[in-house]
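J.: Kindly generate the corresponding structure for this input.
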Amino acid sequence: MLTFCQIFFNWKIRRKILILLIFIIIIGGCRENTPTPIPAEIPSPISTAIPGNSYAPADSPWPMFAHDPAHRGYTKNLGPVKGNLKWFFKTDGEIHSSPVIGSDEVIYTGSDDSYLYAIKPEGNLKWKFKTGGKIRSTPLIIQKGSIYIHSFDGYFYSINSDGKEEWKFKTGKNISLSLPVISEEGIIYINSSGYFYAISPKGKEIWKIKIKYKDASAVIGQDGTVYLSDYGIHALNSKGITKWYRKEENPTSPSSLGKGDTNYLGIWGEENNAFMAIAGNKKKFLVPVEGKMTGSPSISRDGNIYTGCYDGKIYSFDQKGNINWSFQTGDIIRSSPVIDGEGNIYTGSYDRYLYAINKKGKLLWKFKCHEAIEGSPSIGEDETLYFTSLDGNIYSLHSGEETVQFTPIPDSPSKGVSGTLYGQNSHRNSQSSYEGPLVPNIKWFLRLGDVGVTPPVITKEGNIYIGTGERDEEGKIYALTSEGKIRWIFDKIGRTEYSDPVAGQDGTIYFTTWDQRIIALREEGILKWAFQGDDSFKYSPSIDKKGFIYASSGHQIYCLTQKGTLKWKAVLDDLICSKPLLDIQGTIYQLTGDGYLFTISEQGKIKKKQKICTNASYGEADSKGNIYITGRDGLYLIKKDNKKLKLYSLSEKETIEVPPVILSNDDINIITQKYITTREGTSLESKLMCLNEKGILKWNFKIEGTVKSPPITDSYGNIYLATQKGEVIALNYRGSEIWRHKTRGYVLNSPCLDSNGNLFIVYSVINLKNLKAVESGIEKISSYGKGKNFFKFLDWHNQTSPVITAEGNIYVISGTNNLYAVNPDGSKKWVISLSSPAKGNPATNRKEDIFLGCDDGTLKAYNKEGKLLWRYKTQGSIESSPLIDEKGLIYTGSNDGYLYCFTTEGNKKWSFYIGTPLKSSPAIKKDIIYITSQSGYIYAIDRGKLNWKLNTESITSPCISEEGIIYSISRKGDLIAIDSSKGERLWSYILKDKTQNNPSFDEYSKSVYTACNNGILYALKSKGQLKWTFKADSAIKTSPLLDNKGNIYFSSIEGKIYALNSYGIKKWVLDIKSPVTSSLNLSPEGILYITSKAGFLYASGE
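T.: Prediction:
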């Protein structure tokens, strides 16, 4: 053997070695410059194996949640083309865990039955390992074949490939649903009991840090950086030392890593939800979405990001945060999507379907199982896909023709459970035959009464004029005296919500309507004339000194004489965005939406067209002929000599939402609004500013909340403004506050002053603190800020719940004792004034006859055209809602102590005397009528004869399940279950607060629901065990409504409508900003109908 020295001095050998080294260097350089076939958009999935490291992630088709440590959810393998069922394996508990796949194609997943399952590729059990608690985390497989799993017993386990325990690490029993992740060196990262742990491959703690969010989880970058999603992104090195921390104020979802270690994740708050990207401690983008995103996003080979949302949609985003497309499923999505080698996306939904969607957002196929899908799927070899469901099954789908027999549970409840036509069915279980809306979308709403929509106009004589009627409703003009008494009402004028009345010098009242008319009324309320325009009028008319009337609509400006004849019409080349502006010389100015100001002569000729700004919004003229214009970028002054000055520049996100106000000293008042984001959240900042004619700020005054109307001034220079929430503020000319006054409701219009210094203001939405008197009217406020109620348009109390027929027609009774028939499109069919109030809900039969009881003790029947068919007088008031059985018989209770049965023609078939008032509504099962008396007894009546009675101290109407169990609420606040066949108490459950809401029963999940005054909705099993609770924002005064898929709909007295799925998870919330105390109802088309105490009927749905 040669020595080192011999080799060194042997020139031939040295030369050969040198040539070999040069060759290696050249080859190495060539390799570095060889282009990779992987696209540049994202790095390739992280390698799942390191040669020689048996503790690295397994080199298998799907070794962990979302495939790899970056949680991209992408594989080169192809998913199934057809989605046929290859096999399914049943466990004994719900499965929230996602399946993973070993190198031998064995599938591993955990179950709520406390077992870790190993399933062979053929669908047979290989082994199962028992822990001491539920397993909801996803297993993780390493190179040597061991499986890691986290259990609710407070231990993190390492199990070998034969199902034997290797070691376990104690974490504590406060287990979250976080996702274990492993580095290429074999370091395991998990969270539990408020800590984030780094664990060695031998099961020893390396380090731990405190975390804020119980479901915090991590991903690992290619350089080994650990990115922890915990109220933002916390970047750590392998020793647990912080590299950087991008904090957020709200919880964040598990993230996934894209190009440049960009973290893609969801963020959610009570009201605001968004999808965001964070790269290197900087927010790359934030996109608002309709629902929470709690799953991990997935990233395709071409860089697109896919994620599921609580609004039931799968979203596709590009790398800049633009939405490529969205795909709607039937329920919330908590599952993280996965992507195959062709870019197809697979995900589960709580609607019980597994969806396959192509990369353009089109459905390829879907597969239905028994229960919701929460776990993420995994893709194996041979176009095979595995997923789990809360039904306890592990499913295998493939592209082959072979399929096994599997029958999913039908959507609809069993026959006879839910009524087809009635607002509340024969069992009184509040379960509809129809499916509820997927999204909270108001299709239309109808006011069941009058409400003020224009600011008041006060003449020199003290007469007050105001317009009423909301959008899509016929308006009215009210004329009031200075004492608040009605002089006259002029109705059927069309919609007036955009026009303030204007008084002429001779006392004539002018206003415009959405129905393309200009109307003039004499002082005594008689129509003087009406002029028909070519387009809808959105702005108030203007009157010059000669008495000519000017009005704008669409592209036209009209000039009319005092007799209502057209003097001239000018046509502009853009849409008009303000009322006509007049100066003292008789020149007319008109502003258009694209920022042009037109100058028009008295003869209607266009003299000049001048570009002022972009996107103009408001215009005003002063007495000197100067014009003030607001646009998207600020406030402009156009002087009489046509010089343009910019008085105020708006900053980013700052807007001017109301017209400017010009004062007598040439100062200008403007109100700006701007959304400010701080650590405490996002808030609206409003300011009233006073500028001089050069644009110099003299003072500003901060306002809490939104202002929807311009301020007004008096002769002393004092300023009066009203916030949307109904606070009226008086300031002096220096901007110092004099007084403030809270009105009864919301305010959307400016106040008005009379000659005595009294302020009049219209409030048009209710006072949430006063639930007994919902009103719309005018308040009169003295010059010292003291207010009193001046005039009420109407006094609304509870509306009844809407009743919907098979044809989609709606019947509802307003608090003003009117029975409304409403078409499915929201238009009024007819209205009948009832002689006596009706407190119970109406009911309809198959012919669509309507039956209702009144306070005067009369049961009335109307046909669908509103004609009275018959009436029957009892000896007490009727507060009970009528019930109609399959034979057409009508049942109702009366406060005279009788339960009545009538034929369809109004003949009494029988009555049963109970002896105490019957305010509850009856229920029926197998011809037996059940009703609760005021004394707390539940009675079972068979064709007018007593079967049994039981003292339960009940205060609600009975609710009956298909199995014959009666559910009711006692005076003590207990939920009671009774055997209907024997009249025996089965069980009771103590609620934490009192309620008078009827219980509801879901035949699909066999669950009973009840809601309490403390805002808690309870879900119990049919045998009395608590399933879950949900806390609303305020008290719940309605019975929960159930659809045919087990979704729950209810409302709070603060006006929020909630939709939950059968697991108690919030799907959406709709805020109508007015108390709701009447039950909701569903139409066959899935439209949700709501009545509010403010007098609205809402239709919500797609």
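
J.: make it CA atoms for all contacts and neighbour counts henceforth
T.: Fine.

J.: now the helices for this protein?
T.: 4-9, 11-33 (DSSP state H).

J.: lowest-confidence stretch among these?
T.: Looking over these, mean pLDDT reaches its minimum on helix 4-9, with a mean of 40.

J.: okay, now Gly586: neighbour count?
T.: Summarising burial for Gly586: neighbours were counted as other CA atoms under 10 Å, giving 16.

J.: measure it to Gly564 for me?
T.: Gly586 sits at a distance of 19 Å from Gly564 (criterion: CA to CA, to the nearest Å).

J.: go on, Asn756?
T.: Relative to Gly564, Asn756 is positioned 34 Å away (CA to CA).

J.: More neighbours: which of these two?
T.: Set side by side, Asn756 and Gly564 show unequal neighbour counts under other CA under 10 Å, the larger going to Gly564 at 18 against 9.

J.: Low-confidence regions, the stretch 801-950 of the chain specifically.
T.: Across the stretch 801-950 of the chain, residues meeting the criterion (pLDDT under 70) sit at 815-816.

J.: next one: the stretch 501-650 of the chain
T.: Counting by pLDDT under 70, not a single residue of the stretch 501-650 of the chain qualifies.

J.: Would you map the strands across the stretch 401-550 of the chain?
T.: Taking DSSP state E, counting those that start in this stretch to define them, one finds strands in the stretch 401-550 of the chain at 442-447, 457-458, 464-468, 476-480, 486-491, 502-503, 509-512, 517-521, 527-532, 542-543, 549-553.

J.: So for Asn907, which of those strands sits nearest?
T.: With CA to CA, the closest approach to Asn907 among these belongs to strand 442-447: 35.6 Å.

J.: Report the rounded mean pLDDT for the closest one.
T.: On average, the pLDDT along strand 442-447 is 60.

J.: likewise stretch 119-133?
T.: Averaged across stretch 119-133, pLDDT comes to 95.

J.: what residues does that stretch touch?
T.: Under the contact criterion CA atoms under 8 Å, 6 or more residues apart in numbering, stretch 119-133 has outside partners 87-89, 105-108, 112-118, 151-153, 162-164, 396.

J.: And that stretch, what's buried?
T.: Of all the residues in stretch 119-133, those buried under the rule 16 or more other CA atoms under 10 Å are 119-121, 123, 127-128, 130-131, 133.

J.: Same list (those) but as TSV, adding distance to Phe490.
T.: Supplementary listing: the buried residues of stretch 119-133 in TSV, determined by distance: CA to CA, whole Å:
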residue	distance to Phe490
Ile119	78
Lys120	80
Pro121	79
Gly123	77
Trp127	82
Lys128	80
Lys130	79
Thr131	77
Gly133	72
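
J.: of those residues, closest to Thr1010?
T.: Gly133 (29.9 Å).

J.: who are the neighbours in contact with Thr138?
T.: Neighbours of Thr138 in contact, by CA under 8 Å, 6+ apart: 64-65, 97-100, 109-110, 149-150, 179-180.

J.: ok, now Gln143?
T.: Going by CA under 8 Å, 6+ apart, the list of residues near Gln143 reads 49, 53-59.

J.: returning to that earlier point: buried subset of the contacts of stretch 119-133, written for PyMOL?
T.: Selecting only the buried members of those in PyMOL, with burial defined as 16+ other CA under 10 Å, works like this:
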select buried, resi 87+88+105+106+107+108+112+113+114+115+116+117+118+151+152+153+163+396
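
J.: Which of the contacts of stretch 119-133 fall in strands?
T.: 87-89, 107-108, 115-118, 396 (DSSP state E).

J.: how about those residues in JSON lines, adding distance to Thr242?
T.: Compiled in JSON lines, the ones in strands among the contacts of stretch 119-133 are given as follows (distance: CA to CA, whole Å):
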{"residue": "Trp87", "distance to Thr242": "47"}
{"residue": "Phe88", "distance to Thr242": "45"}
{"residue": "Phe89", "distance to Thr242": "44"}
{"residue": "Ile107", "distance to Thr242": "36"}
{"residue": "Tyr108", "distance to Thr242": "34"}
{"residue": "Tyr115", "distance to Thr242": "36"}
{"residue": "Leu116", "distance to Thr242": "34"}
{"residue": "Tyr117", "distance to Thr242": "37"}
{"residue": "Ala118", "distance to Thr242": "38"}
{"residue": "Ser396", "distance to Thr242": "42"}
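
J.: burial count for Glu483?
T.: Around Glu483 sit 12 other residues, with neighbours defined as other CA under 10 Å.

J.: ignore the last one, Ser193
T.: Close neighbours of Ser193, defined as other CA under 10 Å, add up to 16.

J.: again with His741
T.: As a burial measure, His741 scores 16 neighbours (other CA under 10 Å).

J.: Beta-bridge partners for it, please?
T.: Val728 (DSSP bridges).

J.: From what I see, it and Val728 are in contact.
T.: Yes. The pair formed by His741 and Val728 meets the contact definition of CA atoms under 8 Å, at 5.1 Å.

J.: which regions of the stretch 301-450 of the chain sit below the pLDDT cut-off?
T.: Applying pLDDT under 70 to the stretch 301-450 of the chain picks out residues 405-435, 438-450.

J.: 50 instead?
T.: Low-confidence segments of the stretch 301-450 of the chain, defined by pLDDT under 50, are located at 410-424.

J.: what do you get for the stretch 151-300 of the chain?
T.: Along the stretch 151-300 of the chain, the model assigns pLDDT under 50 to no residue.

J.: ok, now with 70
T.: By pLDDT under 70, the low-scoring segments of the stretch 151-300 of the chain are 174-178, 270-271.

J.: and this structure, what are its domains?
T.: The chain breaks down by automatic domain parsing into domains covering 4-33, 84-398, 799-1100.

J.: of those domains, which approaches Ile557 most closely?
T.: If you check each of the domains of the chain against Ile557 by CA to CA, domain 799-1100 wins as the nearest, at 31.4 Å.
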